[in-house]
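Q: got a sequence here, can you build the structure:
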Amino acid sequence: MKFNGYLATAALVTAATLTTAATLTGCAASGAQPAPPRAAATGQAGAGATTDSAGAGAGAGVGAGAGTGVTTGHAGAGEAVEAARAEAAATGHAGTGEAAEAATGHAGTGAGVEVATVRGPGIAVYQHKAASSPWRRLASPNDYGAERVFLVERRDGEWLRVLLPIRPNGSTGWIRAGDVTLTRTTHRVEVDPAQFRFTVYDGARVLRTGKVATGRDGTPTPPGRYFFTELVRPPDPRGPYGAYAFGLSGFSPTLKSFAGGPGQLAIHGTDDAAAIGTQVSHGCVRVANADITWMAKNLAIGTPVVVKG
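A: Numbering: from 1, shown residues only. As a prediction, the model looks like this:
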């Protein structure tokens, strides 16, 4: 997995089968460029899966991998609209009405958002629904061996408008509903850089909260609405990446590439507990190792992530 950071080797984690190790990079502190050994494939991750636990002062997670399932649940429609409005305020690319439609238009009176998992070896993405030709094609698994997923923003008949894991951040496109399997999640992660804090919700209920480290002034963590694209276990749980890390669908606004990677953002841990609560990364969000381990156990690929601005 090539995140915005240094080159490492990690094992891709899925909720169904184990895969071979994948190359990745992650947001390490400036000047840290270790060469970890090849990792063995790890156990299952995703909601309810069993993972190794580690102390908060241990290493940090980096990378990304694939979880196949999405945790489901129910919350009131008002909660979904409230969440969508908060996300719109954070991103600035959706009006309140559009955000409410995104939250309720495709989910009916139930809560949460839908996650689309590509069924075949790739999918056609259109700039406009019913366009005569695709805008682009995206492979599945993705470049890092994870199942290709999208966060569904809106449903219109056989068409789905989805959030895309491409530049610029917040890009959307249209896909055919028949090309994907739809699941629903009421989980979401909110990151507040001003308070150096993350909060995980299930509907309106707070499941977990903790401190984060964010990007430095020259390499900021950009506000926006994202989703988890993959999950990996790095080779050394006591190293800079720790036990696990989730890749995000967004990218650094200042780094077009970094250490062989495309400048992809991630939520990962850190072996420098003293850095939590400061601006220290190249744009990724760092959390304590215990927190990233909990996320790996309880959150699935496709979970929405909002970085407030």
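Q: ok, now how distant is residue 227 from residue 195?
A: From residue 227 over to residue 195 the distance is 22 Å, taken as Cβ to Cβ, to the nearest Å. Any C-beta I mention is one placed from the backbone N, CA and C, and that applies to glycine too.
Q: these two: who's more crowded?
A: residue 227 (27 against 12; other Cβ atoms under 10 Å).
Q: mind listing the helices for the protein?
A: For the chain, applying DSSP state H gives helices covering 77-91, 96-104, 289-298.
Q: report pLDDT for residue 273.
A: Predicted confidence (pLDDT) for residue 273: 87.
Q: oh, that last question was meant for residue 142, not what I typed.
A: So residue 142 comes in at 94 (pLDDT).
Q: and stretch 293-300, what's its mean pLDDT?
A: Mean pLDDT, taken over the full extent of stretch 293-300, equals 97.
Q: again, but for stretch 196-215
A: Taken as a whole, stretch 196-215 carries a mean pLDDT of 98.
Q: how about stretch 146-159?
A: Predicted confidence along stretch 146-159 averages 97 (mean pLDDT).
Q: hmm, who's touching stretch 164-172?
A: Under the contact criterion Cβ atoms under 8 Å, 6 or more residues apart in numbering, stretch 164-172 has outside partners 91, 93, 125, 142, 150, 153, 161-163, 173, 222, 224-227, 229, 249-251, 253.
Q: for that stretch, C-alpha coordinates in PDB please.
A: Listed in PDB are the C-alpha atoms of stretch 164-172, where the atom choice follows Å, rounded to 0.1, in the frame of the first residue of the first chain:
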ATOM      1  CA  LEU A 164     -14.500   8.200  -5.600                       C
ATOM      2  CA  PRO A 165     -11.000   7.500  -4.200                       C
ATOM      3  CA  ILE A 166      -9.300   9.800  -6.700                       C
ATOM      4  CA  ARG A 167      -8.000  13.400  -6.900                       C
ATOM      5  CA  PRO A 168      -9.400  15.900  -6.300                       C
ATOM      6  CA  ASN A 169     -10.800  15.000  -3.000                       C
ATOM      7  CA  GLY A 170     -14.600  14.800  -2.900                       C
ATOM      8  CA  SER A 171     -14.800  13.700  -6.600                       C
ATOM      9  CA  THR A 172     -18.000  11.700  -7.400                       C
END
